[in-house]
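Enquirer: could you look at this predicted model? Sequence included:
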Amino acid sequence: MNTYIKYFSLLLHKKMNDIAVKYNRLNKTARQEVNDFMDFLLSKQETNNPNFLSTYKNKILNVSIWTDSDLKIFDQNQKLFNQWRVQEW
């Protein structure tokens, strides 16, 4: 199994290297076209996952919301910190 992993790793490295060499040979316009095409493929892939949007929505809904009164402690700590004096030697 270990030999298989090494072989697969080398094969993957070679393929990625080949892709990088080809990409680097393209002019700026062609590179942008490749980037746009990859973005298009990724966007199609993400929308095929029906749970993607609901998962994202749940993450957004679980973001904490701080009120002005919650933030007062930071103002108080800032004032205390500004009053603090460094010990002189």
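Expert: Alright, I've got the coordinates. Nothing here was measured: the structure is a model prediction, and the numbers come from that model.
Enquirer: for the rest of this, base every contact and every neighbour count on C-alpha atoms.
Expert: Noted.
Enquirer: now D70: which helix or strand?
Expert: Assigned by DSSP states H and E, D70 falls within helix 68-83.
Enquirer: tell me the mean pLDDT over that helix?
Expert: For helix 68-83, mean pLDDT is 88.
Enquirer: and if you look at stretch 37-53?
Expert: 78.
Enquirer: for it, buried residues please.
Expert: Within stretch 37-53, no residue is scored as buried using 16 or more other CA atoms under 10 Å.
Enquirer: got the contact list for it?
Expert: For stretch 37-53, contacts defined as CA atoms under 8 Å, 6 or more residues apart in numbering pick out no residues.
Enquirer: restricting to C-alpha, output the helix holding D70 in CSV.
Expert: Written as CSV, here are the backbone C-alpha positions of helix 68-83 (Å, rounded to 0.1, in the frame of the first residue of the first chain):
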residue,chain,number,x,y,z
ASP,A,68,-23.4,49.0,22.4
SER,A,69,-23.6,47.9,26.0
ASP,A,70,-21.6,44.8,25.2
LEU,A,71,-18.9,47.0,23.7
LYS,A,72,-18.7,49.3,26.8
ILE,A,73,-16.4,46.9,28.5
PHE,A,74,-13.8,47.5,25.8
ASP,A,75,-14.0,51.3,26.2
GLN,A,76,-13.6,50.9,29.9
ASN,A,77,-10.6,48.6,29.4
GLN,A,78,-9.1,51.0,26.9
LYS,A,79,-9.3,53.8,29.5
LEU,A,80,-7.7,51.7,32.2
PHE,A,81,-5.0,50.6,29.8
ASN,A,82,-4.3,54.3,28.8
GLN,A,83,-3.9,55.1,32.5
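Enquirer: lovely, talk soon.
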